[in-house]
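Q: Show me the folded form of this:
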Amino acid sequence: MSYTQLTQDERYHIQYLSRHHSISEIAKRLNRHKSTISREIKRHCPQGQQYSAEKAQQQSRLTKQRKRKPYKLHSQLIQHIATLIRRKLSPEQVCAYLHKHHQITLHHSTVYNYLRDDKSNGGTLWQHLRICSKSYRKRYGSTWSRGKVPDRTGIENRPAIVDEKSRIGDWEADTIVGKDQKSALLTLVERVTRYTIICKLKNFKAQDTANAVIRALRAHKDRVHTITMDNGKEFYRHTRIAKALGAETYFCRPYRSWEKALNENTNGLIRQYFPKQTDFRNISEREIRRVQDELNHRPRKTLGYETPSVLFLNLFQPLLPECCT
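A: Model prediction:
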C-alpha cells in the first residue's frame, strides 16, 4: 500500500472514530496502515486532549507551506559555503562541517541549489565538485612484467585484521602517472583514518620509489604494519621498504585495482587538483603539500565527518574563521 497524505475527510473520520474505536479498527475502516493513524493522532493530539480534525488539517497545511518556502542564504553564509566548496568539499561535507563546528543546520540540497544558481549566473563554483567517473590511468611497463614482482606475497595471504580495520597502521600505496608518462606522484593512504601522504617521484625506478616510501613513512614507523601495493615495476624493491620500516608488504592480484579501492578512490580525489595530462615536473613540492593538507583536513562521511588529520595526528585545522556564526 503506497503512502498518501491524509485528506480532510479522513481526519474528520479519525476525530469521530477515535472516541470509541482502537487505532487498528480506525485503520481498517479507512483502509490505512495502523502506523499512519497512530502517528497522526500522536502528532496532533497533545496529552490529555481530544484529536481535532480542524487543527490537524491546519497544521498540515502550514507544514506544507514551510516546506515549499526556499531557504534564504545570507551573504556571510554564502561566502563560507563558497570557501568550503573551493576547498573541494562536497555539499554534504559542507553541511556536516557547518553543523559540527559552527552549529549551522543546512540541508545539502540547499547548497546544490545555490551552486546551480551560481552556475546559471556564470559562476564557477560547480567546477570544484568531484565528477563521479572513473579516470583511465595509463600503465607504464610491459604487461608481461605486471604480476612478476620478485619475492611478492599476495593479498590473499594478508592478515584478516587488515580487512577488519580495527587498528591504525595498514597502508595502501600507488602511483599517479603524469603527462606522457614522464612524471608521477606516489600516494600512500592509511586504511582506517584515510590519512594521505603524497610525494613527487623523480622517476619510475624501483630504488627511488622505495626511498620515497621510506622517507614518507619513517616518521610514522610505529604505525606502519602492512603496505599493500599493485604489481608495477616501481614497487619491485618492496623488500627494502619492508626491512627499513619493519613492515610487511602485500600485492594485489594483477589488474584487480578494487583490491585497494581506498587508494584508487584517493587518487580520484587528488585528480580534482591535478587533472589527467598534468606534468608533475612543473608542480612544486609546496603545491603538493597544500593538496595533501587539504585532503587530510577534509571531513569524510565514512569517518562520521571527522578528518583524517584528527584521527591520525590528533590535529584539527579550522576551515573557516571562528566568527563564521
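Q: which residues of this structure score low on pLDDT?
A: 1-3, 47-48, 65-71, 131-147, 322-325 (pLDDT under 70).
Q: Would you mind splitting this protein into its domains for me?
A: Split into domains by automatic domain parsing, the chain comes to 8-68, 75-132, 143-283.
Q: Relative to K301, which of those is closest?
A: With respect to K301, and counting by C-beta to C-beta, the nearest of those is domain 75-132 at 6.3 Å. C-beta here means a position set from N, CA and C on the backbone, and glycine is covered the same way.
Q: re the thing from before, let me know which of the domains of the chain is tucked in deepest.
A: Of all these, domain 143-283 carries the top mean neighbour count, a mean of 18, counting by mean count of other C-beta atoms under 10 Å.
Q: beta partners of T196?
A: Following DSSP bridges, T196 is listed with bridge partners V189.
Q: isn't it right up against H297?
A: No: with contact defined as C-beta atoms under 8 Å, T196 does not count as touching H297 (10.7 Å).
Q: Can you spell out which helices and strands pack onto the lengthiest helix in the chain?
A: The single longest helix within the chain, with elements called by DSSP state H, is helix 53-68. Packing partners of helix 53-68 (3 or more C-beta pairs under 8 Å, 6 or more residues apart in numbering; DSSP states H and E): helix 8-17, helix 34-44.
Q: Reformat the ones you listed as CSV; add distance to A82.
A: Output for the helices and strands packed on helix 53-68, formatted as CSV (distance: least, C-beta to C-beta, whole Å):
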stretch, distance to A82
helix 8-17, 44
helix 34-44, 38
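Q: Among these, single out whichever gets nearest to Y255.
A: helix 34-44 (49.9 Å).
Q: Need the residues that contact the closest one.
A: Residues from elsewhere that reach helix 34-44, judged by C-beta atoms under 8 Å, 6 or more residues apart in numbering: 3, 6, 11, 14, 18, 23-24, 26-27, 30, 51-52, 55-56, 59.
Q: and with 6 Å instead?
A: For helix 34-44, the external contacting residues (C-beta atoms under 6 Å, 6 or more residues apart in numbering) are 23-24, 26-27, 51, 56.
Q: Ok, stretch 112-124 next?
A: Contacting residues not belonging to stretch 112-124 are listed as 91, 125-126 [C-beta under 6 Å, 6+ apart].
Q: chain center to that stretch: distance?
A: Mean C-alpha position of stretch 112-124 versus that of the full chain (C-alpha atoms, centre = their mean, to the nearest Å) differs by 22 Å.
Q: One more: stretch 18-34?
A: From the chain centre to the centre of stretch 18-34 is a distance of 45 Å (C-alpha atoms, centre = their mean).
Q: how far does it stretch from start to finish?
A: With C-alpha to C-alpha, to the nearest Å as the measure, stretch 18-34 spans 13 Å from end to end.
Q: Once you drop chain neighbours, what's closest to A82?
A: Nearest residue to A82 in three dimensions, chain neighbours excluded: L125, at 6.0 Å (C-beta to C-beta, 6 or more residues apart in numbering).
Q: Could you report the separation of the one you found from K119?
A: Between L125 and K119 the computed distance is 7 Å (C-beta to C-beta, to the nearest Å).
Q: what about stretch 197-214, distance to the chain center?
A: Chain-centre distance of stretch 197-214: 27 Å, with C-alpha atoms, centre = their mean.
Q: now swap in stretch 96-109 and tell me
A: In terms of C-alpha atoms, centre = their mean, the centre of stretch 96-109 is found 16 Å from the chain centre.
Q: Need the three-state assignment for the nearest residue to L17 once chain neighbours are set aside.
A: Distances taken as C-beta to C-beta, 6+ apart place I26 nearest to L17, at 4.7 Å, with adjacent residues excluded. Using DSSP: H, G, I helix; E, B strand; the rest coil, the structure places I26 in helix.
Q: ok, I26 to R43 distance?
A: Separation of I26 from R43 (C-beta to C-beta): 15 Å.
Q: again with T63
A: Between T63 and R43 the distance is 10 Å, computed by C-beta to C-beta.
Q: Start from the N-terminal end of the chain and give the strands.
A: 170-177, 184-190, 196-201, 226-229, 248-251 (DSSP state E).
Q: H108: which of those strands is closest?
A: The nearest among the strands of the chain, by C-beta to C-beta, is strand 196-201 at 23.9 Å.
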